[in-house]
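Q: Predicted model, plus sequence, below.
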Amino acid sequence: LTETLDEYRAASRVSVDAFRMSEDDRRALEAQEELLWGLETSWPHYRTFVAILDGQIVGAAASIYGANAVSLAGGSTREDARGRGAYRALVRARWDAAVERGTPALTVGAESMSRPILERLGFVKVGWTDCLIDRFV
C-alpha cells in the first residue's frame with residue numbers, strides 16, 4: 001500500500017507513463033494528486049498499491065472495495081521492469097487485502113497487456129464493460 005504522498009505520486013507517474021496519458025491529462029492529474037491522496041487516506045473503499053524493485057516503485061495498481069467483491073483497477077508496470085513479476089505481485093497483494101477484508105471475490109477490467117497475465121492467474125472472462133471517458137476538470 002502507498003504510505004505517503006510521495007509514494008502515491010510515484011505510483012501515479014508509473015501509471016501515467018504505462019497508460020501513455022497525454023501531457024494535458026498528466027498535468028491535470030498531477031494538479032489533483034494531493035487532493036486524491038487525501039481522499040484515499042480518509043475513505044476506506046479505495047487504495048493504491050505499489051510494487052517495489054531494487055528500492056524503486058516500478059508498479060502501481062488500485063483496489064476498489066465493495067460489500068461483496070473487490071475491483072482491481074489500473075494495474076501498471078514501468079516498461080523497464082516488465083517481465084519481473086511486479087504485476088503479478090500487485091494482483092496477489094490486492095487479493096490478500098480482499099481476503100483480509102472478508103471480500104475474497106475479485107473483478108477486473110483488463111486490456112490487451114494485462115489480460116494474458118490475468119488468464120494465467122486463473123481469471124476468466126465473464127462479460128465486458130463499455131467505457132465512457134470524461135476529461136479531468
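A: That came in fine, so what should we check first? Residues are numbered from 1 along each chain as shown.
Q: Flag every buried residue along the lengthiest helix in the chain.
A: Ranked by number of residues, the top helix in the chain under DSSP state H is helix 23-42. Within helix 23-42, the residues that count as buried by 16 or more other CB atoms under 10 Å are 26, 29, 36, 37, 40. Placement of C-beta: from N, CA and C, glycine included.
Q: Now render those residues as TSV, adding distance to residue 48 and pLDDT.
A: Conversion of the buried residues of helix 23-42 to TSV gives the following (distance: CB to CB, whole Å; pLDDT from 0 to 100):
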residue	distance to residue 48	pLDDT
26	17	89
29	13	88
36	9	91
37	9	93
40	6	90
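Q: coming back round to it: point out the other elements, helices or strands, that the longest helix of the chain touches.
A: In this structure, helix 23-42 makes packing contacts with helix 5-18, strand 46-53, judged by 3 or more CB pairs under 8 Å, 6 or more residues apart in numbering; DSSP states H and E.
Q: The same query, at a cut-off of 6 Å, please.
A: helix 5-18 (3 or more CB pairs under 6 Å, 6 or more residues apart in numbering; DSSP states H and E).
Q: Find the residue at the geometric middle of this protein.
A: The chain has residue 61 as the residue nearest its centroid, 1.7 Å off, counting by CA atoms, centre = their mean.
Q: tell me the phi and psi of that residue?
A: With angles defined as degrees, to the nearest 10, residue 61 sits at phi -160, psi 160.
Q: pLDDT weak spots in this protein?
A: Regions of the chain meeting the criterion pLDDT under 70 cover residues 135-137.
Q: Try it again at 50.
A: Regions of the chain meeting the criterion pLDDT under 50 are absent.
Q: And stretch 114-128, what's buried?
A: Under the neighbour-count criterion of 16+ other CB under 10 Å, stretch 114-128 has 114, 118, 123 buried.
Q: Distance-wise, check the last one relative to residue 99.
A: Just to be clear, that refers to residue 123. Separation of residue 123 from residue 99 (CB to CB, to the nearest Å): 16 Å.
Q: Repeat that for the second one.
A: With the distance defined as CB to CB, residue 118 ends up 18 Å from residue 99.
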